[in-house]
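In: I would like the atomic coordinates for the input below:
(2 chains)
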Amino acid sequence: MRAAVITFPGTNRDGDIARALRMAGAEVIHSWHADHDLPAGTDLVVLPGGFAYGDYMRTGAIAARANIMDAVRAHAARGGYVLGVCNGFQIACEAGLLPGVLMRNAGLKFVCRMQHLRVGRVDTAFTRQYAAGQVIKVCIAHGEGNYVCDDETLMRLEAENRIAFRYCDASGDIMRENPNGSRHAIAGIYSENLRVLGMMPHPENLVESLVGGTDGQGLFASLAVAG
Amino acid sequence: MKARVTVTLKNGVLDPQGKAIEGALKSFGLEGIDSVRQGKVFDIEIATQDRSRAEALLKQACEKLLANLVVENYTVEVLG
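Out: Numbering: from 1, shown residues only, chains lettered A, B, ... in the order given. Alright, predicted model coming up:
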C-alpha cells in the first residue's frame, strides 16, 4: 500500500495521518497541492484535516480546485482509493468525489470532543478490520461537519449502503441530536464504487493507547493490506 | 466593467448563521423582522466591455467556484 498524503496551505493533520498509516505498515509519500502529478504507484490518496486555504469562501472549495486535484480525480476515476478526513472530506465533496456538502454545524459551535461512531459495512478496503456494527470511540474537531444532500441522494446513500459511519452514543444507538446536525447522523460516506471514503471524525488521533485509545487503528490496518 | 455576484442558500437549506443574526437583531428590539438568511457578495472587475461575454464569464466563475450548486443559488449583475 503506497499512500500519497497531500498537503495544502493550511493543512495541519498531514503529519498525524502519515504516522498512523506508517504505523499500520503502509508506505507514505508526501505530496504538495501545487504538483500536477501523484507519486508513481500511488494506491491511496489521503486528503488530511486542517483548514486548507483558511476555509475561505467555503470549506474545501479552493483546495478542491488546486492543481493536484485533477490528478486525484483521475486516480479516483481509475478506481484508486481516496481517504478524506475532516477538511479532507469537505475537499472531497467540493471536488465532486463524493455527493453532498458539509455545512456549518447546526449549533454554530466548533465541536471538539470524543465521539462514538457506529461502523457501517465492513467489506470495504477501509473497514475490513472492524466488526459489523462495531462501536468505536474516536474524536471530532470541526465547525463545518453538518452533512447536507438532497433527498434523492440521501435515499441512494441509504439504499446502496454507502454510509460508512454514523454518530452514536456509547451503547451504539444512533444519536437523534448528533454533534453537527448531519442528515441521518452521517459521519462518513463512500463513493459509489466504495473506494472513496470521506469522514468528519479523526481516526488518526486514536492510534496510541497513550493518547486516549486505539479505535482508529482498524481503518489504517484495513488500508495497509488493501492493495 | 464592474459586476456583482450574489450567492445565497437555496430555500430549505438550514442556515444557522442567518438564524443567529436574526436572533441578535430581534434581541435589539427591532420590530418587524421576520427572518434572516445570510449569503455572500462578490464585487468583480472584468476586462471585457462586452456585456454578454461578461455574463457568460461570471456564470462560469459561479459554477466552477463561487457557488456550491448543491446548496446555493447565484445571481449575476453586470453593473457596467
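
In: which helix or strand in chain B has the lowest average pLDDT?
Out: helix B:16-27 (a mean of 92; mean pLDDT, DSSP states H and E).

In: just the CA trace of that one, in CSV.
Out: Extracted in CSV, the C-alpha atoms of helix B:16-27 (Å, rounded to 0.1, in the frame of the first residue of the first chain):
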residue,chain,number,x,y,z
PRO,B,16,-27.7,28.5,11.3
GLN,B,17,-25.7,31.7,10.8
GLY,B,18,-28.8,33.5,9.4
LYS,B,19,-30.8,32.3,12.4
ALA,B,20,-28.2,33.6,14.8
ILE,B,21,-28.2,37.0,13.1
GLU,B,22,-31.9,37.0,13.2
GLY,B,23,-31.9,36.3,16.9
ALA,B,24,-29.4,39.1,17.5
LEU,B,25,-31.5,41.6,15.5
LYS,B,26,-34.6,40.6,17.4
SER,B,27,-32.8,40.9,20.7
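
In: would you pull up how far it lies from the middle of the chain?
Out: 18 Å (CA atoms, centre = their mean, to the nearest Å).

In: partners of the helix or strand where A:His30 lies, with directions?
Out: Using DSSP states H and E, A:His30 maps to strand A:27-32. Counting by DSSP bridges, the strands paired with strand A:27-32 are strand A:2-7 (parallel).

In: name the residues of the partner strand that are buried.
Out: Along strand A:2-7, these residues count as buried under the neighbour rule (16 or more other CB atoms under 10 Å in any protein chain shown): A:2-7. In short, each C-beta sits where N, CA and C put it, glycine included.

In: in chain B, what residue spans correspond to strands?
Out: B:2-9, B:39-45, B:72-78 (DSSP state E).

In: could the ones you listed go into a markdown table alongside distance to B:Glu22, mean pLDDT and mean neighbour count?
Out: As requested, the strands of chain B are arranged in a markdown table below (distance: least, CB to CB, whole Å; pLDDT from 0 to 100; neighbours: other CB atoms under 10 Å in any protein chain shown):
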| stretch | distance to B:Glu22 | mean pLDDT | mean neighbour count |
| --- | --- | --- | --- |
| strand B:2-9 | 13 | 97 | 17 |
| strand B:39-45 | 14 | 97 | 13 |
| strand B:72-78 | 19 | 97 | 17 |
